[in-house]
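In: here is a sequence together with a model predicted from it:
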Amino acid sequence: MSESFVSPDVLRQQFASAMSGLFRKEVPLYGTLIELVEETNKPLLGPLSPPERVRLAQERHGAIRVGTAQELKTLARLFKLLGMEPVGYYDLSVASHPVHATAFRPVTDDSLLRNPFRVFTSLLRYDLIKDSATRELAEHVLAKRNIFTPGTLEFIEKAEKEGGIRPADASEFVSGALETFKWHSTASVSEEDYTRLLKASRLVADIVSFPGPHINHLTPCTLDIDIVQESMISRGIPPKSIIEGPPPRLCPILLRQTSFKALEERILFVDHDHTTLGHHTARFGEIESRGAALTGKGRKLFDEIFQRARDAEVVEGEESEGSHVALDEEGKPIRKLSANEVHQRHLKQFFKEFPDDWDTLRKQGLVYFSYSLVGLGADHNDDKVVSTTPVTLEDLLRTGKVVAKPLIYEDFLPASAAGIFNSNLNAGENKVVAGTPDQEAFEEALGSKVVDANVIYRERQSKSLALVRKAFPELVVEGGVEEL
């Protein structure tokens, strides 16, 4: 990036910090959650490098819901200036929600380390609103809405023409962009229309009934989500009943998430000269814990095991609760297990099939890794050839000339997102249905293709291997390690 423009990484950092400050002010319980996560992480920071500690300390993702293609398209243009690309397609109709989504996030190693902020962005699907009158109401209301300030639109157009945001414009650009995500306590529909929208779906009501797509949650990252889940009640934070995602493991994979329950907030309905007080439930705080990114082979195995576990859990839920107790050393019951403890124990039984040591995960090609040269002396550079003798990657790892580090999973799990949505929209059990994905329509609304997350992970792994191969041109890569 030219010195005439602010780096997208810097802009993203400024925007993420401003959004966190805004949400902390609007939802004070979020500040309490941040304090709890920081306290939990502090004694566990030892293995992390200084840059990794900085990364961890930054809030990891926000989530918003928009109503029109124009809103989504303009958000994509805004996020592009922050170095964030639309990665992945998520079909939430599998949880009976009339939305589909993508995650805007940085995609390069350097950008992720500097600031991994991402925004999970859902788009309303009118085709899944069954009642025609409600569908027409939503279309009518959203057609009149403008969620961006005139100044923000001007900055976007100027930056696209010039090639970036200039230093003199950065502060005003960030503050103007933040206006889009602020909470509005006055609804833009009447109480009667709100009730109609609510009947269709709490999520539809949340998207359509307000002047803008307020942040519905922000998520810090923890190194031990199980401790956070247990500690929330003692801090006055009401947690959802279970942690979403895989069970706790020695080698964490993918994403685990929990949240505090959505707040019931006072809102106003203004109908002509008459003002009515009402309530709306949508915004909450979320916590995440990120593990390793799985390859296509690893993800297939994960999905198969996870689905079997879910199917069996439905059956077991109908059985006696007599086995759901904690026992002392003599085998005597001492307390009833929490819903989360029961759920995690259940998952663990099934995930015994999934290898839980890094070496096996790597050799079987289940996890993406980054490979780096070590122990070659201070005078070594990336272009220097160390040896032209044929050597295997396993030999280099065994002799300590190369180290392998699992790539962090930077994306989301549809089932987990649905679970979080359901628990905070009072939508009942996290029931999975067949779903009606329509990625083509989403990409048409977005104005571009979404990026395939697996391509990003594969490229990152392959680039790291390419640097190893520069030093060892006759490198032999065996087993399940994927290369482009």
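Out: All right, it came through fine. Numbering: from 1, shown residues only.
In: so where is this protein shaky, pLDDT-wise?
Out: Where the chain drops to pLDDT under 70, the residues are 1-3, 314-335, 376-382, 417-434, 479-480, 482-484.
In: mind listing what's buried along the lengthiest helix in it?
Out: Using DSSP state H to define each element, the chain has its longest helix at helix 296-316. Neighbour-count burial for helix 296-316, counted by 16 or more other Cβ atoms under 10 Å, picks out 298, 299, 301, 302, 305, 306, 309, 310. Using the backbone N, CA and C atoms, a C-beta is placed for each residue, glycine as well.
In: break down the stretch 301-450 of the chain into its strands, ranges please.
Out: Secondary structure of the stretch 301-450 of the chain (DSSP state E, counting those that start in this stretch): strands located at 325-327, 333-336, 369-373, 391-392, 402-406.
In: name the strands paired with the third one and say parallel or antiparallel.
Out: Here strand 369-373 has these sheet partners by DSSP bridges: strand 402-406 (antiparallel).
In: same check, this time on the fourth one
Out: The pairing partners recorded for strand 391-392 under DSSP bridges are strand 475-476 (parallel).
In: who touches the strand it pairs with?
Out: If you take Cβ atoms under 8 Å, 6 or more residues apart in numbering as the criterion, strand 475-476 is touched by 390, 391, 392, 393, 396, 465, 468, 469.
In: and the gap between the fourth one and residue 125?
Out: Translated: residue 393. Distance from residue 393 to residue 125, counting by Cβ to Cβ, to the nearest Å: 45 Å.
In: returning to that earlier point: please name every helix or strand in contact with the longest helix of the chain.
Out: Judged by 3 or more Cβ pairs under 8 Å, 6 or more residues apart in numbering; DSSP states H and E, helix 296-316 is in contact with helix 339-350.
In: ok now the helix it packs on, how far from the chain's centre?
Out: Distance of helix 339-350 from the chain centroid (Cα atoms, centre = their mean, to the nearest Å) equals 23 Å.
In: which ones are touching residue 390?
Out: With contacts defined as Cβ under 8 Å, 6+ apart, residue 390 is in contact with 474, 476.
In: for it, what are phi and psi?
Out: Main-chain dihedrals, residue 390, degrees, to the nearest 10: phi -60, psi 130.
In: any idea how far it lies from residue 372?
Out: Counting by Cβ to Cβ, the gap from residue 390 to residue 372 is 21 Å.
In: just residue 110 next, same as before
Out: With Cβ to Cβ as the criterion, residue 110 and residue 372 are 14 Å apart.
In: the two: which has the busier surroundings?
Out: A count of neighbours by other Cβ atoms under 10 Å puts residue 372 above the other of residue 110 and residue 372, at 12 against 8.
In: residue contacts, residue 178?
Out: When contacts are counted by Cβ under 8 Å, 6+ apart, residue 178 is found next to 15, 18, 19, 22.
In: now render the buried residues of helix 296-316 as CSV, adding distance to residue 461.
Out: Shown next, in CSV, are the buried residues of helix 296-316 (distance: Cβ to Cβ, whole Å):
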residue, distance to residue 461
298, 13
299, 15
301, 18
302, 18
305, 23
306, 24
309, 28
310, 30
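In: of these, which is the nearest to residue 410?
Out: Nearest to residue 410 among these, counting by Cβ to Cβ, is residue 299 at 13.9 Å.
In: so what's that closest one up against?
Out: Listed by Cβ under 8 Å, 6+ apart, the contact set of residue 299 is empty.
In: how far away is it from residue 138?
Out: 35 Å.
In: just residue 183 next, same as before
Out: Residue 183 sits 20 Å away from residue 138, going by Cβ to Cβ.
In: please enumerate the helices of the stretch 201-350 of the chain.
Out: 202-208, 225-231, 296-316, 339-350 (DSSP state H, counting those that start in this stretch).
In: residue furthest from the geometric center of this protein?
Out: The C-alpha centroid of the chain is most remote from residue 389, which lies 43.8 Å away (Cα atoms, centre = their mean).
In: any idea how far residue 464 is from that one?
Out: Relative to residue 464, and taking Cβ to Cβ, residue 389 is found at 21 Å.
In: identify all contacting residues around stretch 306-314.
Out: Outside stretch 306-314, the residues touching it (Cβ under 8 Å, 6+ apart) are 246, 343, 346, 347, 349, 350, 351, 415, 432.
In: grab the nearest non-local neighbour of the third one.
Out: Spatial nearest neighbour of residue 346, chain neighbours left out: residue 313 (5.5 Å); criterion: Cβ to Cβ, 6 or more residues apart in numbering.
In: what's the end-to-end length of stretch 257-264?
Out: Across stretch 257-264, the terminal residues are separated by 21 Å (Cα to Cα, to the nearest Å).
In: report the buried residues of that stretch.
Out: 257, 258, 259, 260, 261, 262, 263.
In: repeat that for stretch 93-112.
Out: For stretch 93-112, a neighbour-count test (16+ other Cβ under 10 Å) marks 93-107, 111-112 as buried.
In: run the chain-centre distance for that stretch.
Out: Taking mean C-alpha positions (Cα atoms, centre = their mean), stretch 93-112 and its chain are 7 Å apart.
In: let's see the distance spanning it from one end to the other.
Out: So stretch 93-112: terminal residues 30 Å apart, Cα to Cα.
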